[in-house]
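*Asks:* Give the three-dimensional model of this entry:
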Amino acid sequence: QVQLVESGGGLAQAGDGDSLRLSCAASGRTSSPYLMGWFRKAPGKEREFVAAITWSVDRTYYSDSVKGRFTISRDNAKNTVYLQMNSLKPEDTAVYYCAAAPTSGIRFNSTQYDYWGQGTQVTVSS
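*Replies:* Down below sits the predicted model:
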């Protein structure tokens, strides 16, 4: 079992000025290789893939909607994954979830992730 706890959400203004950094702390059986991902769910929309990073930290993946603005990273020594969000847009407003999949590969579908955090709200005003 892996427990995930997100933090760092909040309110930001759209544009290049404001940025937010989300953190996801993992605990439990973290010795196995896990793919770590971020998903988000906006009101009235389905949960969507945002970014993922492989265990070896050599591969990162982003949705087209955040590519070039968001950066995912991880610190395996601290069992923590981060999502740096720059150039925020109102359409980034959502609850952001951290997720883990017990694989050394890549997964884009939320159903392929076994563990989830409780989510953290990100609100971007125009």
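*Asks:* mind checking how far the residue nearest the centre of the chain is from S126?
*Replies:* Central residue of the chain (CA atoms, centre = their mean): W38, 2.4 Å from the mean position. W38 sits 23 Å away from S126, going by CB to CB, to the nearest Å. The way it works is simple: take the backbone N, C-alpha and C, and place the C-beta from them, glycine included.
*Asks:* Doesn't the residue nearest to the centre of the chain belong to a strand?
*Replies:* Yes. Under DSSP: H, G, I helix; E, B strand; the rest coil, W38 falls within a strand.
*Asks:* isn't it right up against D92?
*Replies:* No. Look at W38 against D92 with CB atoms under 8 Å: they stay out of range, at 11.6 Å.
*Asks:* quick revisit: what pLDDT is listed against the residue nearest to the residue nearest to the centre of the chain when sequence neighbours are not counted?
*Replies:* With sequence-adjacent residues excluded and distances taken as CB to CB, 6 or more residues apart in numbering, W38 is closest to V50, at 4.3 Å. pLDDT for V50: 98.
*Asks:* Toward the C-terminus, what is the element adjacent to the one helix or strand V50 maps to?
*Replies:* If you go by DSSP states H and E, V50 is part of strand 48-53. Counting by DSSP H and E, the next helix or strand C-terminal to strand 48-53 is strand 60-62.
*Asks:* Tell me the helix or strand right after that next one.
*Replies:* strand 70-75.
*Asks:* and that following strand, which strands flank it?
*Replies:* strand 80-85 (antiparallel) (DSSP bridges).
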